[in-house]
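# Structure, please.
(one chain, ligands or ions: 2)
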Amino acid sequence: MTAFMQVAGLDHRFGGLHALRDCSFTIEQGRITCLVGPNGAGKTTIFNVITGFLVPDEGSVAFRDRKLDGLRPQAIVRAGIARTFQNLRLFADLNALDNVMIGIAGQFGEEPVGAIFRPLHTSRAQRRRRQEALATLDHVGLADRAHDVVRNLSYGEQKLLTVARVLATGAELLLLDEPASGLSAGALDAVMALLRRLQSEGKTLLVVEHNTRVVQQIADDVLFLHQGHLMAQGTPERIIGDPALAEIYFGGAL
Ligand SMILES: Nc1ncnc2c1ncn2[C@@H]1O[C@H](COP(=O)(O)OP(=O)(O)OP(=O)(O)O)[C@@H](O)[C@H]1O
Ligand SMILES: [Mg+2]
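Ligands and ions are numbered 1, 2, ... in the order given. All right, here's what the predicted structure looks like:
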């Protein structure tokens with residue numbers, strides 16, 4: 001059986017910094033896999049490689065038996081993989097709905113302005129996209145915030161909005177870079193519930209996460225990255241309970 005996604009032998013240097021070292025792993029369909037590891041371990045760099053934002057020195061990524069190497073980010077979205085960014089990358093002065101519309105257009109390589117420009121005769125396709133964007137906002141619990149400007153949303157709502165943006169692409173595999181970081185307890189629960197719901201609806205998730213409570217509650221599999229190398233892969237119990245990994249992560253107990 002071939003893997004849903006297979007990452008093989010990724011290696012990358014930023015000048016003198018060896019960010020990824022022979023990094024290999026597989027992702028199974030329908031599961032939530034958490035990618036953990038200390039700051040600077042290379043987690044975001046792996047996302048950048050998978051989604052075509054960075055061409056690695058060596059290695060390859062295959063998704064549904066198709067090699068993604070050399071594809072542009074938009075082509076990778078069309079292949080079924082979409083990602084969020086650690087620093088959100090939302091348009092603070094636009095409303096939530098327009099952010100989803102622009103997100104869709106941007107990921108597909110279209111002009112962002114065209115996505116929200118509304119001439120008198122809005123095309124049928126554009127109206128449909130708007131309806132889809134509204135439905136997606138509703139799906140993540142932001143229906144009543146659709147017309148609010150992003151800077152007026154709470155940080156938790158902004159995080160949910162980034163998830164709405166990847167959902168709106170229709171991608172099957174969602175790469176979420178720290179969707180739970182910096183959230184209050186209530187917002188954290190909302191994000192965890194959303195991720196589980198997406199899984200139950202058939203999405204496959206690869207999630208960068210530092211919070212071990214979140215990892216324990218949502219992960220089916222955990223990948224432990226250290227200095228660009230995949231040190232361990234296993235259940236949350238096994239990875240979080242491993243004293244050697246805890247030492248690397250925190251210099252102490254996880
Ligand atoms: N574009 C870049 N140019 C130079 N160095 C980079 C670049 N991107 C990442 N790095 C370096 O590569 C290493 C891995 O960075 P990366 O952002 O992937 O880590 P991370 O595991 O996501 O960390 P964090 O938990 O802090 O988000 C770090 O040392 C980082 O400084
Ligand atoms: Mg990162």
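
# The nearest residue to Glu58 once chain neighbours are set aside: which element?
Excluding its sequence neighbours, the residue lying closest to Glu58 (C-beta to C-beta, 6 or more residues apart in numbering) is Asp11, at 4.1 Å. Quick note: C-beta positions are derived from backbone N, CA and C, even for glycine. In the assignment (DSSP states H and E), Asp11 maps to strand 5-14.

# before we move on, back to that, and the residue nearest to Glu58, what is it in contact with?
Contacts for Asp11 (C-beta atoms under 8 Å, 6 or more residues apart in numbering) come out as Leu20, Arg21, Asp22, Cys23, Pro56, Asp57, Glu58, Gly59.

# same question, Leu20
Counted by C-beta under 8 Å, 6+ apart, Leu20 has contacts Leu10, Asp11, His12, Gly42, Thr45, Ile46, Val49, Pro56, Gly59, Gly228, His229.

# cutoff 6 Å now
Leu10, Asp11, His12, Gly42, Thr45, Gly228 (C-beta atoms under 6 Å, 6 or more residues apart in numbering).

# what's the spacing between the last one and Val55?
Taking C-beta to C-beta, to the nearest Å as the measure, Gly228 falls 16 Å from Val55.

# okay, those two: which has more neighbours?
Each of Gly228 and Val55 has its neighbours counted (other C-beta atoms under 10 Å); Gly228 has more, 23 against 10.

# So the more buried one sits against Phe14, correct?
No. The criterion here is C-beta atoms under 6 Å, and Gly228 misses it with Phe14 at 10.5 Å.

# Is the helix or strand that contains Ala246 positioned near ligand 1?
Using DSSP H and E, Ala246 sits in helix 243-250. No. On the criterion C-beta under 6 Å from any ligand atom, helix 243-250 is out of touch with ligand 1, staying 10.9 Å away.

# quick check: mean pLDDT across that helix?
Helix 243-250 comes out with an average pLDDT of 88.

# ok, and for that helix, which residues are buried?
Leu245, Ala246, Ile248, Tyr249 (16 or more other C-beta atoms under 10 Å).

# if I look at the last one, how far off is ligand 2?
Remark: distance between Tyr249 and ligand 2 (C-beta to the ion, to the nearest Å) = 14 Å.

# which non-adjacent residue is nearest the one residue in the stretch 51-200 of the chain that gets nearest to ligand 2?
Taking C-beta to the ion, ligand 2 has its nearest neighbour within the stretch 51-200 of the chain at Gln86, 4.9 Å off. Nearest residue to Gln86, sequence neighbours excluded (C-beta to C-beta, 6+ apart): Asp177, at 4.3 Å.

# how about the one you found, phi and psi?
phi -90, psi 100 (degrees, to the nearest 10).

# quick one: low-confidence ranges for the stretch 1-150 of the chain?
Along the stretch 1-150 of the chain, segments meeting pLDDT under 70 span 1, 105-122.

# Tell me the residues of it that contact ligand 1?
Checking the stretch 1-150 of the chain against ligand 1 by C-beta under 6 Å from any ligand atom, the hits are Phe14, Leu17, Ala19, Gly37, Asn39, Gly40, Ala41, Gly42, Lys43, Thr44, Thr45, Gln86.

# how far does the host helix or strand of the third one sit from the chain's center?
Just to be clear, that refers to Ala19. Applying DSSP H and E as the criterion places Ala19 in strand 17-27. How far strand 17-27 lies from its chain's middle: 18 Å, per C-alpha atoms, centre = their mean, to the nearest Å.
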